[in-house]
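Trainee: show me how the following folds:
(one chain, ligands or ions: 1)
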Amino acid sequence: MTPPQLVVHRDKELMAQAAAARLITRIVDAQAARGHASVVLTGGRNGNGLLAALAAAPARDAVDWSRLDLWWGDERFLPEGDPERNVTQAREALLDAVGLDPARVHAMPASDGPYGEDVDEAAAAYAAELAAAAGPEDHGPVPSFDVLMLGVGPDTHVASLFPELPAVRETERTVVGVHGAPKPPPVRISLTLPAIRAAREVWLLAAGEDKAEAAAIALSGAGEIQAPAAGAYGRSRTLWLLDAAAASRLPRALYPPASA
Ligand SMILES: O=C(O)[C@H](O)[C@@H](O)[C@H](O)[C@H](O)COP(=O)(O)O
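Mentor: As a prediction, this is how the structure comes out:
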């Protein structure tokens, strides 16, 4: 596992803008090299902040949106169109403003979809969709995502993998149903750590004072069961994108020069 890279930006707005610019470049390079790209989105304030910055980015349409596959790292298991669903918020922040191919937008099932309230069956269906999209060059039943983004929770959770709960302990399945999540709503669908680690690059987003302790814990050698963010790493790159407030409790040796 390559050690994580850290980039610290002055504040959360600049972090979102810089991360959006970085994502545009990463997608453009992947599409130039392979004709398509795949990205995993995350919910929450930092994830949606990045999408909003991407929607406003001058270079936004350097991306060929019609050849971008979008997946989700987790989803709140609510009815289709519920404003609390990550896909609803992503549509509002960016997706409805760009020319995506609907067949390439892989939203996680809703609680009023074909699987009804059975979140475990819905999770298994998403795992099957991932497996169907994986190719011989991929590492297991998940596509080699170019970038998988994760917001970091104040308790060090990522996606819907919460400290000590069963989902973070999963070592076989790629997608699981989550019951009793401490962050509402309690029922969710989440990629597991094995699925996250199939990504070429994993980017963790942490902005705000309320993430400072989580960043310090996750980056100081904590175990992945107690600190799920510590277990989120990519095959070729793990990048923490922070603002100065979220980086404020990092050991000095870990703290790179803040951006201009
Ligand atoms: O469904 C969710 O809530 C998110 O996917 C979750 O994993 C989020 O990314 C973190 O909780 C950070 O959220 P904030 O950026 O709002 O702190």
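Trainee: neighbours around Arg76, how many?
Mentor: A total of 25 residues lie near Arg76 under the criterion other Cβ atoms under 10 Å. (C-beta placed from N, C-alpha, C; glycine too.)
Trainee: quick one: buried residues of stretch 201-211?
Mentor: 201-208, 211 (16 or more other Cβ atoms under 10 Å).
Trainee: I meant to write stretch 58-67 there.
Mentor: So for stretch 58-67, counting by 16+ other Cβ under 10 Å, buried means 60, 63-65, 67.
Trainee: you'd agree Pro83 is up against Arg91?
Mentor: No. Assessed by Cβ atoms under 8 Å, Pro83 is found out of contact with Arg91, at 10.5 Å.
Trainee: before we move on, back to that, what's the farthest-apart pair in the buried residues of stretch 58-67?
Mentor: Arg60 and Arg67 (14.8 Å; Cβ to Cβ).
Trainee: which residues touch the closest residue to Arg104 other than its chain neighbours?
Mentor: Distances taken as Cβ to Cβ, 6 or more residues apart in numbering place Asp69 nearest to Arg104, at 4.6 Å, with adjacent residues excluded. Counting by Cβ atoms under 8 Å, 6 or more residues apart in numbering, Asp69 touches 36-39, 104, 106, 133, 143.
Trainee: state the distance from Asp69 to the ligand.
Mentor: The spacing between Asp69 and the ligand, counted by Cβ to the nearest ligand atom, to the nearest Å, is 18 Å.
Trainee: for that residue, which three-state class applies?
Mentor: strand (DSSP: H, G, I helix; E, B strand; the rest coil).
Trainee: find me the pLDDT at it, would you?
Mentor: At Asp69, the model reports a pLDDT of 98.
Trainee: likewise for His139?
Mentor: 82.
Trainee: count of residues packed around Ala132?
Mentor: Burial measure for Ala132: 9 neighbouring residues, criterion other Cβ under 10 Å.
Trainee: quick check: which element contains whichever residue of the stretch 51-200 of the chain sits closest to the ligand?
Mentor: Per Cβ to the nearest ligand atom, the residue of the stretch 51-200 of the chain with the smallest distance to the ligand is Gly151, at 2.4 Å. Per DSSP states H and E, Gly151 falls inside strand 147-151.
Trainee: sorry, back to before: give me the subset of the buried residues of stretch 58-67 that also touch the ligand.
Mentor: Counting by Cβ under 6 Å from any ligand atom, the subset of these that neighbours the ligand is empty.
Trainee: return the member of those residues nearest to Ile189.
Mentor: Closest approach between the buried residues of stretch 58-67 and Ile189, by Cβ to Cβ: Trp65, at 24.6 Å.
Trainee: thought the closest one was touching Val98?
Mentor: Yes. If you go by Cβ under 8 Å, Trp65 and Val98 touch, sitting 4.3 Å apart.
Trainee: which residues of the chain fall in strands?
Mentor: Here the chain has its strands, by DSSP state E, at 5-9, 37-41, 68-72, 74-76, 147-151, 175-178, 188-191, 201-206, 237-243.
Trainee: okay, those in JSON lines with distance to Ser160 next?
Mentor: Converted to JSON lines, those look like this (distance: least, Cβ to Cβ, whole Å):
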{"stretch": "strand 5-9", "distance to Ser160": "24"}
{"stretch": "strand 37-41", "distance to Ser160": "13"}
{"stretch": "strand 68-72", "distance to Ser160": "10"}
{"stretch": "strand 74-76", "distance to Ser160": "4"}
{"stretch": "strand 147-151", "distance to Ser160": "11"}
{"stretch": "strand 175-178", "distance to Ser160": "5"}
{"stretch": "strand 188-191", "distance to Ser160": "4"}
{"stretch": "strand 201-206", "distance to Ser160": "15"}
{"stretch": "strand 237-243", "distance to Ser160": "20"}
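Trainee: ok, back up a step: in helices, which of the buried residues of stretch 58-67 fall?
Mentor: Using DSSP state H, no member of the buried residues of stretch 58-67 falls within helices.
Trainee: include distance to Arg22 when you put those residues into JSON lines, please.
Mentor: Output for these, formatted as JSON lines (distance: Cβ to Cβ, whole Å):
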{"residue": "Arg60", "distance to Arg22": "13"}
{"residue": "Val63", "distance to Arg22": "13"}
{"residue": "Asp64", "distance to Arg22": "18"}
{"residue": "Trp65", "distance to Arg22": "17"}
{"residue": "Arg67", "distance to Arg22": "19"}
